[in-house]
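Student: Model the following, please.
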Amino acid sequence: MTTTTLAVLVPLLPFLAAVAGLLLGRTAPGLVRPLAVLPTLASLVLAVLVAVRQGGGPAISAATELTPTGSIPIDLALYIDGFAALTAVLVGVVATCVQIYSTGYLRDDPRYPSYAALVSLFTSAMFVVVYSGDLMVLLVGWEVMGICSYFLVGHYWETPEARTASIKAFLVTKLGDVPFLIGLFALATDAGSFRITRVLDTVASGGLHHPTLIALLLLAGVAGKSAQFPLHTWLPDAMAGPTPVSALIHAATMVAAGVYFVARLLPVFQASAAAMVVLAVMAAVTMVGSALAALAQDDIKRVLAYSTIGQLGYMTGALAVGARGAAVFHLLSHGAFKALLFLAAGVIIHAAGTNSLAAMSRMTGLRDRVPDAFWTMTVALLALAAIPPFSGFFSKESVLGAAEDTATGHTAHAPGSAGWIVLVSGLLTALLTAAYATRLWLLAFRGRGTEVPEHGRQPLTMTAVLWVLAIPSLAFGGLAYRVLPAWFDGRALNPTLTTSVLSTGLALVGILVTYGAWRRTSPLAARFPMGAVVAHPDAEGGAVEAEAIADHKRVYGDVAYAPDPADPGRLLLGPLHRHAAAGFHLDAVYSALFVRPVQAGASLVRFLDREVVDTYVRGAAALPRLLGAAVRRAQNGNVQTYVSALLAGTVVLTVAVLLVATGA
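Tutor: Residues are numbered from 1 along each chain as shown. A predicted model of the protein is given here:
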């Protein structure tokens, strides 16, 4: 079987599984789980075979015209280089783990058949994005992922949070997709083709007429799909969906698509220095802002959501300095440990017996109750904090090393200002990442919250997946940075001394400071344990206690149920905590700039429709109605009335004739 045939089967198998699952879900429920797991597993095996055959060598390319358009043709094309081959393997690994995990996590869910089918369709769409050599076909996969995310985030549609989150995710990403589509058309117009190879050839020959405009239009779609500032607000709310869906979206599909797209078309963005600086600023704001927000969240899944936003910021930062190898390296590494983090969080939530009990302030005794989640999440958090020798250290260092090279002028892939922006923000984010990772670990596994009810042992399909993902989270980075340059563009990915010392030192500082803040807040936790009633508290216990009590009074009044006073995030962030917990009020900004004006416009249109347009309609109907009433009165069947009207008419006509004759 040829490599091209294998590559075609990779997205085709989960697509067929999705169709079969939707058709047979109710009539043959026994086939649902095999249809969910086996085709995805087969796609993973085929993706591995494609990667082995591609081997980091020349790209595999094939195309056939999909349909004649009369102008720019649309081709059903494959383009598989080292980036695409390895990204497809990541998608297959995470999707297979999610499908296996979901058989246990959603084993009692009556809507599991539709859920599994949508996950398969989601996976197929991402494979299309990864393997496609034509921008229009890529766009099809891009949009299919959007509609799948809408349905999967809203899986628990009985809850208002899930319904709102699914609509928000769809609308915010569509807000970016509109300029993205315009950018694709503009790019194809300049290149004369939607084929990625021809677009890149056009860029190399200087054939792009408006590179800055095209790059900025495309960045809008990337910001929406990959949850980058300012279109990132949908991702934390998307945690209302099932936790395995969060793992799939965050680790290997939707949010990875934007980063992969920029990596695939990086020369288009490098054609504009302004676009690279904009990309760097976007990455810097995303990294720092999301890390601060993560430090203030109480819901464990929202912490991980903001963590994803920040790690995607590292990837876009690497792209902003022209290091797409470093960006995809971090994409692969992050995919493993972020999937592990979400699935371990799912074990914790499953232990509580509900999808909603994810507040870390309510957790206690979890280390002994879910030991698999404890040990594997510890590995994943160390990888997230970039502590050597875990995988996150090597991939993050490749990003920071590339930023240092650009900032110091050792490479000319991007403006030096972009290098400095990414380097400084990346180092600051390393400190904050270690801080919120430590906070999550302390509150989740050494917390002093209320004991949640015990719901028995977790299914083997869930815990086994955690240990599978723990292996690359621990060992992938140390091996990959030596091997991956041959698969990518040949640029070295090994850690550099300066950034390694700085970032690791800052990470250790973040860990120690957070632990110290947690120890300092412990006496307050003893005074005001989680769930205890606080009646008319005073503010004599110092700044931390005063702030906590002020929060009690502001939210609950003089008698309140205390939030977790042992949260070190309150002490570390101080007055910034309230704003960070609300995502720096970006939703309020969007509400003021977009939602309220649209609602006001809709109200105006409704008023004009009811009071103006309907008035004309009613008036146009009133005149015929009056004429009809007059005619109806004349045609009443009374002969005397007819004779009287005839005589009156005769008299009137006679008088009129006489008047005319006299006047003549």
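Student: For stretch 338-357, give the mean pLDDT please.
Tutor: For stretch 338-357, mean pLDDT is 79.
Student: ok, now stretch 107-115?
Tutor: Rounded mean pLDDT across stretch 107-115 is 90.
Student: and that stretch, which residues are buried?
Tutor: Within stretch 107-115, the residues that qualify as buried by neighbour count (16 or more other CB atoms under 10 Å) are Tyr112, Pro113, Ser114, Tyr115. Glycine gets a C-beta too; all of them are placed from N, C-alpha and C.
Student: give me phi/psi at the first one?
Tutor: It stands for Tyr112. phi -60, psi -40 (degrees, to the nearest 10).
Student: any idea how far it is from Met239?
Tutor: Distance, Tyr112 to Met239, by CB to CB, to the nearest Å: 20 Å.
Student: for Val643, same thing?
Tutor: 86 Å.
Student: now do Val278
Tutor: Look at Val278 and Met239: by CB to CB, they are 29 Å apart.
Student: who has more neighbours, these two?
Tutor: Met239 (28 against 18; other CB atoms under 10 Å).
Student: wait, isn't that one in contact with Asp299?
Tutor: Yes: counting by CB atoms under 8 Å, Met239 does reach Asp299; the two are 6.9 Å apart.
Student: And the helices in the stretch 201-350 of the chain?
Tutor: Taking DSSP state H, counting those that start in this stretch as the test, the helices found in the stretch 201-350 of the chain are 211-225, 234-237, 243-251, 254-264, 266-270, 273-294, 300-320, 324-352.
Student: Export those to a markdown table and append columns for distance to Ala475.
Tutor: Shown next, in a markdown table, are these (distance: least, CB to CB, whole Å):
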| stretch | distance to Ala475 |
| --- | --- |
| helix 211-225 | 30 |
| helix 234-237 | 29 |
| helix 243-251 | 17 |
| helix 254-264 | 21 |
| helix 266-270 | 29 |
| helix 273-294 | 26 |
| helix 300-320 | 19 |
| helix 324-352 | 10 |
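Student: and stretch 209-228, average pLDDT?
Tutor: 94.
Student: now, which of the buried residues of stretch 107-115 sits nearest Leu106?
Tutor: Tyr112 (4.8 Å; CB to CB).
Student: check contacts around that closest one.
Tutor: Val32, Ser102, Leu106 (CB atoms under 8 Å, 6 or more residues apart in numbering).
Student: Going by secondary structure, the nearest residue to the first one once chain neighbours are set aside is in what exactly?
Tutor: Spelled out, it's Val32. By the measure of CB to CB, 6 or more residues apart in numbering, the closest residue to Val32 outside its immediate chain neighbours is Pro113, 4.7 Å from it. Per DSSP states H and E, Pro113 falls inside helix 112-131.
Student: ok now the next helix or strand after that helix, how far from the chain's centre?
Tutor: The helix or strand immediately downstream of helix 112-131 is helix 135-153, counting by DSSP H and E. Relative to its chain's centre, helix 135-153 lies at 12 Å (CA atoms, centre = their mean, to the nearest Å).
Student: Buried residues, helix 135-153. List them.
Tutor: Result for helix 135-153 [16+ other CB under 10 Å]: buried residues 135-139, 141-142, 144-146, 148-153.
Student: what's the answer for stretch 56-76, then?
Tutor: Buried-residue list, stretch 56-76, by 16+ other CB under 10 Å: Gly56, Ala59, Ile60, Ala62, Ala63, Pro73, Ile74, Asp75, Leu76.
Student: Distance of the residue nearest to Val32 relative to Leu23?
Tutor: Taking CB to CB, one finds Pro113 at 10 Å from Leu23.
Student: secondary structure class for the closest residue to Phe329 other than its chain neighbours?
Tutor: With sequence-adjacent residues excluded and distances taken as CB to CB, 6+ apart, Phe329 is closest to Ser395, at 4.8 Å. Secondary structure, DSSP: H, G, I helix; E, B strand; the rest coil: Ser395 is helix.
Student: Does Ser395 touch Gly477 like I think?
Tutor: Yes: between Ser395 and Gly477 a contact is recorded at 5.7 Å, counting by CB under 8 Å.
Student: Show me the common contact partners of those two, please.
Tutor: With CB under 8 Å, 6+ apart, Ser395 and Gly477 have common neighbours Ser333.
Student: Could you check which of the two is surrounded by more residues?
Tutor: Ser395 (33 against 30).
Student: got any ranges where the stretch 501-650 of the chain has weak pLDDT?
Tutor: The model of the stretch 501-650 of the chain has pLDDT under 70 over residues 522-566, 633-634, 636.
Student: mind listing the strands in it by residue range?
Tutor: 533-535, 559-561 (DSSP state E, counting those that start in this stretch).
Student: now swap in the stretch 1-150 of the chain and tell me
Tutor: Going by DSSP E, counting those that start in this stretch, the stretch 1-150 of the chain shows strands at 60-67, 74-80.
Student: now Thr378: how far from Ser395?
Tutor: 19 Å.
Student: about what we covered before: and the angle from the helix holding Pro113 to helix 135-153?
Tutor: If you take axes from the mean of the first three to the mean of the last three CA atoms, to 10 degrees, helix 112-131 sits at 150 degrees to helix 135-153.
Student: Give me the distance from helix 112-131 to the chain's centre.
Tutor: How far helix 112-131 lies from its chain's middle: 15 Å, per CA atoms, centre = their mean.
Student: so where's the stretch 301-450 of the chain shaky on pLDDT?
Tutor: Using pLDDT under 70, the stretch 301-450 of the chain drops low at 352-358, 365, 448-450.
Student: Quick check: phi and psi at Thr27.
Tutor: Dihedral angles (degrees, to the nearest 10) for Thr27: phi -80, psi -30.
Student: how far away is it from Gln640?
Tutor: 77 Å.
Student: Ok, Glu611 next?
Tutor: From Glu611 to Gln640 the distance is 47 Å (CB to CB).
Student: got it, and Gly104?
Tutor: From Gly104 to Gln640 the distance is 92 Å (CB to CB).
Student: Next: Gln458.
Tutor: For Gln458 relative to Gln640 (CB to CB), the value is 96 Å.
Student: Who wins on neighbours among the contacts of Tyr112?
Tutor: Most surrounded of the contacts of Tyr112: other CB under 10 Å gives Ser102, at 29 neighbours.
Student: In contact with it, which residues?
Tutor: Ser102 touches Ala36, Tyr112, Tyr115, Ala116, Val119, Pro242, Pro244, counting by CB under 8 Å, 6+ apart.
Student: Tell me which two in those are the farthest apart.
Tutor: Taking CB to CB as the measure, the contacts of Ser102 reach their widest spread between Ala36 and Pro242, a distance of 13.5 Å.
Student: residue contacts, Arg107?
Tutor: Pro459.
Student: What sits closest to Leu506 if chain neighbours are left out?
Tutor: Leu506 sits nearest to Leu431 (CB to CB, 6+ apart), 4.1 Å away.
Student: Which element, helix or strand, includes the one you found?
Tutor: Going by DSSP H and E, Leu431 is in helix 416-445.
Student: buried stuff in that helix?
Tutor: Within helix 416-445, the residues scored as buried using 16+ other CB under 10 Å are 418-423, 425-445.
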